[in-house]
Structure formats: structure tokens, C-alpha cells
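Asks: Predicted model and sequence follow; I will ask about them next.
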Amino acid sequence: MAGPVEVTQLLLHAQDPDTNVRTQAEARLKEFQDQNYPGFLASLAAELTSTAKPADSRRLSGIVLKNALDAKDDARKAELQARWGAVDSNLKSQIKEALLSTLQTEPQDVRHIAALVVAKVAAIDLPRGEWPQLISTLLANMSASPPQHGVRQATLEALGYVCEEMAVLDDEVLAPDQVNMILTAVVAGMRPDEPSAETRLAATIALQNAIDFAEHNFDNEQERTYIMQMVCQGTSAPDQRIRLASFTCLHEIAQAYYSKLPAYMGEIFNVSVKAINEDAEEVALQAVEFWSTLCDIELDLEDDDDPSEAVNHHFITAATPHLVPVLLKQLTKQEEDQELDESSWNIAMAAGTCLGLMARTAQEAIVPLVMPFVQENISKCAGPADWRCREAATFAFGSILEGPSQSSLADTVRQAMGFLLQAMKDPNPYVRDTTAWTIGRVFEFQHDASNTEVPPLITQETLPQVVQVLLASLQDEVHIAIRVCDAIGRLAEGFMGASDNTSLLSGFFKEIITVLLSTAQRQDPSQMDSTRLQISAFEAINDLVRAAAKDTMDTVGQLIPVFLQEIQKTCGMTAQTNEQREKQAELQGQLCGVLQVRLVTP
């Protein structure tokens, strides 16, 4: 039997708060799918398109139908696509017709789900040359008179999802004239005079998905300029969601059509700076992301020796004097306690990250633009909120350490070390956290004892204070101690290659190892934080052992039984989650790494 059957109650029961009712309904749906796949699809499509059915059952029918056509697992996806391909062509036509007719029905969230399912069917059928009338049918919805805004919105969503599905295929499925008609409809929906904000939003998101297909349009100056005009106008739309989607479009356009941007960079700069300074944080983040993307693109072009690659227009170098002050202003917009959450992301962090990418791109040119801000704010203590200024100044300094040459920063870094070491005692933990991160970056990019072209950063006179401050800071809050472990590892790496027999670090080697081993045993209320600190401590020991001079080999040899004992402990650890198992494996890797380094060291 391939015809539809009544599934309304089954779908409603599958959403019941009672676990037993819900589990039984889900089992019956799975049984239906396994035993009568064509009838299962027909029943779901009939439920989805019927306005007489409850919205809850219609929504779920669309979700279940989508999941019956697609899966994240490649093998399962291929199996589902093969099953769809084997369905009777007449029944498939009925299902497709039901999907398209659902785009014409209320409510909007049911239309939205129907648009998703349309794209999943298109992903299977269009590459096989089936459903040739899909694009023309969707485009007809866009030109219907009088316009139905809900239908236009759902149709634009469907067009966008279809483009998204086509973009991951190896073959070009959509014909050039189809792509051109899709883009024409999409860009028309983005016009500022579009009366429906929802339609304009759907059009802007659809353009994101269609960007990869727009090569021909971007080669045409008139069409390209019109698209860019609509996108840039979208960045100042009254609806925040449209502004956000428009900046996301700019990000996608930069990645796909970097070489076409010169004529539009003035306007892009203006709208992005306005968003960074004035808009909601979510929009400002995406505006910053555009410039970070440009940095990545230009860094890749700089590293690419292939003359056939795109010309580097050096947008970042040109924008640096104007953009850096804008980014520096954002650094004081930190969130309270954000240093405790590795996943936190806000405008201050995004601006600092962008600043770091600009330093790698513009190199020495960025230093005189940032250092006045650093010098003005790094010691500011006039009021309780001035920790924001101190942290921002430290973050700014740390962000520009990679990119400019060692020689251009040598004097500045030497002068800053005293401030940084003192700041490890700052009353605010966020400042101490960022300071420890910055010290680690100082050692990573400016400390190289084997480089004789610049005066050494770490000398016999300065090393005792550095070691004293770092070891004391290992007793600080766990997130700060983790940063300090990294800094110690970077400090050790900077001495590699300077001398085989001895090192300035040799006199402190045993003390540092001893304190790091003690740090690895620290217990924190959060087991995961304790494990992270343990891993970081052992990683620092790894770095110290790699950089160890010959006069410290006896101390290194004494570590072997200690680490064998630690490895034995990890084997008895109970890891109940994937994250715990990953941390356990990482910990074991660090421990084994020390043994490996010692065994291969002559």
C-alpha cells in the first residue's frame, strides 16, 4: 500500500510529555517507515499540506519527512536517497506537489519546514534530471500578483535551501539561466522598498546560499554593483536580523569574490565602522568578522607563490590607520567573568582577534597606532572600572606581537616586561589572565636566545624575576595558572638552539619542574578545570625537557619514574563522557611525550 493513511494522532503522541506515550508513538512511526516506506512518505506529505490538521502534527510531519530523505551519516544518507529513488514516480509527483502547495498555506513555520523538505527532495532529484519544473514553479510564486508576502518568504527560503544543497555537489546541476533567474528574484526581494521585513530577510539569507553560483553575475559590473548596493543597503535596514544577514553576505562575498571588491571598499568600510560603533553586538560582531576574513584572505595571498592567484589589493594595509582606532574602542567592552568561559565570544574578544590578524597583515605599520592606547591605559587605576582599561591595553599589546619583526618591537617589549610582570599581581583576575596570555605571546614571538641579530629579551639579570613571578602565579586561579603554564613552555622554547651544554634556564630547571609537578596535583571544584591544569602543567614540563641543556639531564632522568607513576594513575581514571575520555587521552599523551623526549635525547 502506497496511499496515505491517518497519522495525526501518532504525530501528536510523538510530542506527548508522557515518556511512555511518546516512546510508543516513535516506535510505531519507525515501524511504519520500515515496513511501508512509500505509504509512510505519502502519509507525512498529506499531513503536512492539509490545513485541516493541527499545526503541531503538520510541523512534525515535515521534520520526520525531511529526516526520511536525509541524514548526517553518509551511508545512511545514501540508503535514504536510494529508497526515495525507488518510489513510484506518480507517488513522488504527488508528494512534490504537496510540498509545493504547502508553501501556499498558513502558518509560516509550516511553510518554513516545507521549504526545507523541498530542498532535500531537490538534492536527490535535480542531479538525476528529475523535477525539472521546480525552479520555474518557485519563481512563479515570486511573480504572482497580487504578491503574497508569506508565500514569497517561504519560496525565497526554498530557493536558498536548494542553492545550499546544490553548492555541496561536485557537478553543476543548475543551468546558468536558472541561476540568473534565482538571483534576480532573490535580489529583488532584498530591495529596501520590500514591504515585508520577513521576505527581505529570507531573500538576504537566500543570497548567502546562492553566492557560490553568482560568478557570472559578479563578472558583470552592472549586475555586481546592483547586488553590492542591495547588500550594503541591507546593513542599515530597520530590522536587526536583516542587518546581521547582510554583513554575513559581505563575508561570503569577500571569500568568493575578493578580486571584485575594490570599487566597493569605501562603502563597506563606512557601513562596517558604523555597525561596530553603534549597532547591536551581534551585528557588530559580524562587521568585525568581515575584516578578519579580509585579513585571512590577504595573508593567504601573501603566502601563495602562484602568480595565477588573485592579486593582493592590500585592503587591510590601507584600512589600518582608520580601522585600528575603531577596534581599540571595542576592547573595553568586556563581559564580566568572560575569562572563565572558554566558549565566550563578544565584541571585545572579536576586536582583539581582528587586531591580531591586522598585525600579521600590516606588520610594523600597526605598532605606532596601538602603542599610545597601551601606554595610556596599561596602568590606569583612577576608579574601580579602570580594570577594563588595563585589560584592554594588555590585550591590545599582546595582539600585535605576531607580525611586526623582532627588531621593530625589541625595545618596546623590553620596556613592557616590567609592567607585565607587575601586572601579574593586579587585583583583577581578568587583568592577570590576559597578562599571563600576553607574557606567553611575548616569549613565543619575541624571545629567541639563538637570534643574535637583536639583543636578548631574557638575560641573566632579568630571568630570576621572570621565574619568580611565573612560579608564584601558578598558585593563582586555575584559568590563570593554565595561561602561566603556557608562558613557561614558551619561555623554555625560546632557549632551544642557543647552547647544547648549558642554558640560562639550567639554574632554575629543577625548581620549575618541581613547582609544575606540584601544580599538576592541584584540585579544583571543577574536575574538568583540574584536568585542564594538569594537562597544561605536563605540557610545560614537556617543553622544558625538549629545551633542556646537557647539564640538566640528571634532573630529566629523575622524572622517568615520576611520569611512569602518573601514567599508571591515568589508566585507573574513570572517564564517563566523551570530553573526559578526550582529556584522559590528552593527559596520557603529554606524559608519554616526556618519556619519549627523554629516551631520544643523547
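Replies: Thanks, I have it.

Asks: When you work out contacts or count neighbours from here on, use the C-alpha atoms and nothing else.
Replies: Will do.

Asks: Now F419: which helix or strand?
Replies: Secondary structure from DSSP states H and E places F419 in helix 406-423.

Asks: list the buried ones in that helix?
Replies: Q406, A410, V413, R414, A416, M417, L420, L421, A423 (16 or more other C-alpha atoms under 10 Å).

Asks: Which residues does stretch 182-194 contact?
Replies: 135, 139, 142, 156, 159, 199-201, 203-204, 206-207, 210, 214, 227, 230-231, 233-234, 237 (C-alpha atoms under 8 Å, 6 or more residues apart in numbering).

Asks: at 6 Å instead, please
Replies: Residues outside stretch 182-194 that contact it (C-alpha atoms under 6 Å, 6 or more residues apart in numbering) are R200, A203, T204.

Asks: model confidence over it, on average?
Replies: Stretch 182-194 comes out with an average pLDDT of 93.

Asks: and what of stretch 351-365?
Replies: pLDDT averaged over stretch 351-365 gives 96.

Asks: Tell me how far that stretch lies from the chain's centre.
Replies: Remark: stretch 351-365 is offset 18 Å from the chain centroid, using C-alpha atoms, centre = their mean, to the nearest Å.

Asks: Check which residues of that stretch are buried.
Replies: Of the residues in stretch 351-365, those buried (16+ other C-alpha under 10 Å) are 351-365.

Asks: Please, where are all the helices along the stretch 501-602 of the chain?
Replies: In the stretch 501-602 of the chain, the segments counted as helices under DSSP state H, counting those that start in this stretch are 506-520, 527-546, 553-571, 578-600.

Asks: Tabulate the CA atom coordinates of stretch 458-470 in PDB.
Replies: Extracted C-alpha coordinates of stretch 458-470, given in PDB (Å, rounded to 0.1, in the frame of the first residue of the first chain):
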ATOM      1  CA  ILE A 458      65.700  37.300  28.700                       C
ATOM      2  CA  THR A 459      69.100  37.800  30.300                       C
ATOM      3  CA  GLN A 460      70.900  36.600  33.400                       C
ATOM      4  CA  GLU A 461      69.800  39.700  35.200                       C
ATOM      5  CA  THR A 462      66.100  39.500  34.200                       C
ATOM      6  CA  LEU A 463      65.400  35.800  34.300                       C
ATOM      7  CA  PRO A 464      65.300  35.400  38.100                       C
ATOM      8  CA  GLN A 465      62.400  37.900  38.400                       C
ATOM      9  CA  VAL A 466      60.600  36.200  35.400                       C
ATOM     10  CA  VAL A 467      60.800  32.800  37.000                       C
ATOM     11  CA  GLN A 468      59.800  34.100  40.400                       C
ATOM     12  CA  VAL A 469      56.700  35.800  39.100                       C
ATOM     13  CA  LEU A 470      55.600  32.900  36.900                       C
END
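
Asks: one step back: compare the contacts of stretch 182-194 and tell me which is most surrounded.
Replies: Neighbour counts for the contacts of stretch 182-194, by other C-alpha atoms under 10 Å, peak at T204, which reaches 33 neighbours.

Asks: which residues touch that one?
Replies: Per C-alpha under 6 Å, 6+ apart, neighbours of T204: M190.

Asks: Alpha carbons of stretch 106-116, as PDB, please.
Replies: The C-alpha coordinates for stretch 106-116 follow below in PDB (Å, rounded to 0.1, in the frame of the first residue of the first chain):
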ATOM      1  CA  GLU A 106      -0.500  29.100   6.800                       C
ATOM      2  CA  PRO A 107       1.100  29.100   9.300                       C
ATOM      3  CA  GLN A 108       4.500  30.400   8.400                       C
ATOM      4  CA  ASP A 109       6.500  27.900  10.400                       C
ATOM      5  CA  VAL A 110       4.900  25.000   8.500                       C
ATOM      6  CA  ARG A 111       5.800  26.800   5.200                       C
ATOM      7  CA  HIS A 112       9.400  27.000   6.500                       C
ATOM      8  CA  ILE A 113       9.600  23.300   7.200                       C
ATOM      9  CA  ALA A 114       8.100  22.600   3.700                       C
ATOM     10  CA  ALA A 115      10.800  24.700   2.200                       C
ATOM     11  CA  LEU A 116      13.400  22.600   3.900                       C
END
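
Asks: Could I get the buried residue list for it?
Replies: Buried residues in stretch 106-116, counting neighbours by 16+ other C-alpha under 10 Å, are found at Q108, V110, R111, H112, I113, A114, A115, L116.

Asks: and those as a markdown table, adding secondary structure and distance to N451?
Replies: Output for the buried residues of stretch 106-116, formatted as a markdown table (DSSP: H, G, I helix; E, B strand; the rest coil; distance: C-alpha to C-alpha, whole Å):
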| residue | secondary structure | distance to N451 |
| --- | --- | --- |
| Q108 | helix | 65 |
| V110 | helix | 65 |
| R111 | helix | 65 |
| H112 | helix | 61 |
| I113 | helix | 61 |
| A114 | helix | 64 |
| A115 | helix | 61 |
| L116 | helix | 58 |
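
Asks: With distance to G497 as new columns, can these be given to me in a markdown table?
Replies: Listed next are the buried residues of stretch 106-116 as a markdown table, based on distance: C-alpha to C-alpha, whole Å:
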| residue | distance to G497 |
| --- | --- |
| Q108 | 66 |
| V110 | 65 |
| R111 | 65 |
| H112 | 61 |
| I113 | 61 |
| A114 | 63 |
| A115 | 61 |
| L116 | 58 |
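
Asks: And the buried residues of stretch 351-365, which is closest to A585?
Replies: T353 (29.7 Å; C-alpha to C-alpha).

Asks: How about the secondary structure of the closest one?
Replies: On the three-state scheme (DSSP: H, G, I helix; E, B strand; the rest coil), T353 is labelled helix.
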